[in-house]
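J.: Provided below are the primary sequence and the corresponding predicted coordinates.
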Amino acid sequence: MTGICLLILALLLGACTGQNAATTAGTPVVEYKLLATLYLSPTPNDAEREATRLAVRSVPATAIPTATPAPTVYVGVFLGENDTVVDPVVDPARYQGTLTAGNLPTPLPINCLYPIDAVFGTVWMTNESARAALGCPGEPATPYIGTVQFFERGVMYWLPTGEIWTVAPGGALGGVYWYVPIAPPDQGWQAQAPDGLRVPEFSFGALWRANEQIRQTLGYARADESSVSITVQRFDGGALIFDQTSAQVFTLVGRDDGTAYGPY
């Protein structure tokens, strides 16, 4: 009996051992890998940092204005006589413009494909040299709801097309204007405006920062930008702009920039 029991025990132990061996054979063997040691580079010294700075040079930004340009005296009677400085841009709160002149110069433009829109009135035509320089209209007049901002010595108009007209008028003697089809990328730097004035923002601010000539000519903004009803008619030699909100017309002679007459 004892022998039989020993035999059965031996068979059971053999079966268990075979099962463990089979399980071990079917289990994949996982090989453990050593983790890489993190190497901390030493802190560069002053000479190494200077070498890196010289190797990567940044594009210098436009200089930030530090002072407001002195006002320019404009001579003319388009806003009335003044013993001091004549404001070259009409303040809508102080002015109601007159678009129609009593006596028109001759001859007027003839044989043009498009007529001069009546919305611009006739006062601007009294400047015969500017009228002759414009030539014929190249397209019908187009009305827009845009944005305007008045500056110390000029004004900016933004159209929904992205175009910006910057006007620093000089009456009958002529000022200057600039035109861009879209605002440049904003350079991001800020300036401190004098008391009562402000730095332009958005598209106006981007153009103001990017163009030093515009910045120096216009000065700082006198108020925040606001909505404006504006009509533009382009000519062979320039454009007419009618600011309906302020009741003023500008005659712009040139292509992308040139001479600005008015406001009328």
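T.: Looks like it arrived, so ask away. Numbers count the residues shown, from 1 in each chain.

J.: the helices in the stretch 151-264 of the chain, which residues?
T.: 202-210, 212-218 (DSSP state H, counting those that start in this stretch).

J.: any chance of these in a markdown table, plus distance to residue 151 and mean neighbour count?
T.: To be clear about C-beta, it is placed using only N, CA and C from the backbone, and glycine gets the same treatment. Listed next are the helices of the stretch 151-264 of the chain as a markdown table, based on distance: least, CB to CB, whole Å; neighbours: other CB atoms under 10 Å:
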| stretch | distance to residue 151 | mean neighbour count |
| --- | --- | --- |
| helix 202-210 | 9 | 21 |
| helix 212-218 | 4 | 18 |
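
J.: need these in a markdown table (columns: mean pLDDT and distance to residue 156).
T.: Shown next, in a markdown table, are the helices of the stretch 151-264 of the chain (pLDDT from 0 to 100; distance: least, CB to CB, whole Å):
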| stretch | mean pLDDT | distance to residue 156 |
| --- | --- | --- |
| helix 202-210 | 97 | 5 |
| helix 212-218 | 96 | 8 |
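
J.: in a markdown table, list these along with distance to residue 184.
T.: A markdown table is the format used below for those (distance: least, CB to CB, whole Å):
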| stretch | distance to residue 184 |
| --- | --- |
| helix 202-210 | 4 |
| helix 212-218 | 11 |
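
J.: number of residues surrounding residue 162?
T.: 11 (other CB atoms under 10 Å).

J.: oh, that last question was meant for residue 211, not what I typed.
T.: 17.

J.: just to revisit the earlier point, ok, which of the helices of the stretch 151-264 of the chain comes nearest residue 244?
T.: Nearest to residue 244, of all these, is helix 202-210, at 19.6 Å by CB to CB.

J.: and for residue 167, the neighbour number?
T.: For residue 167, the neighbour count with other CB under 10 Å is 25.

J.: show me what contacts it?
T.: Residues in contact with residue 167, defined by CB atoms under 8 Å, 6 or more residues apart in numbering, are 89, 154-157, 175, 177, 241, 250, 252, 260.

J.: do the same with residue 197
T.: 68, 152, 219-222.

J.: how about JSON lines for the residues you listed, with pLDDT, distance to residue 210 and neighbour count added?
T.: Shown next, in JSON lines, are the contacts of residue 197 (pLDDT from 0 to 100; distance: CB to CB, whole Å; neighbours: other CB atoms under 10 Å):
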{"residue": "68", "pLDDT": "48", "distance to residue 210": "19", "neighbour count": "13"}
{"residue": "152", "pLDDT": "97", "distance to residue 210": "19", "neighbour count": "20"}
{"residue": "219", "pLDDT": "97", "distance to residue 210": "16", "neighbour count": "22"}
{"residue": "220", "pLDDT": "97", "distance to residue 210": "16", "neighbour count": "21"}
{"residue": "221", "pLDDT": "97", "distance to residue 210": "16", "neighbour count": "22"}
{"residue": "222", "pLDDT": "97", "distance to residue 210": "21", "neighbour count": "17"}
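
J.: can you list the low-confidence ranges for the stretch 151-264 of the chain?
T.: Scanning the stretch 151-264 of the chain for pLDDT under 70 picks out nothing.

J.: quick one: the strands in it?
T.: Along the stretch 151-264 of the chain, counting by DSSP state E, counting those that start in this stretch, strands occupy 154-158, 164-168, 171-180, 226-235, 238-243, 248-254, 257-262.

J.: how about residue 219, nearest residue that isn't a chain neighbour?
T.: Nearest non-adjacent residue to residue 219, counting by CB to CB, 6 or more residues apart in numbering: residue 152, 3.2 Å away.
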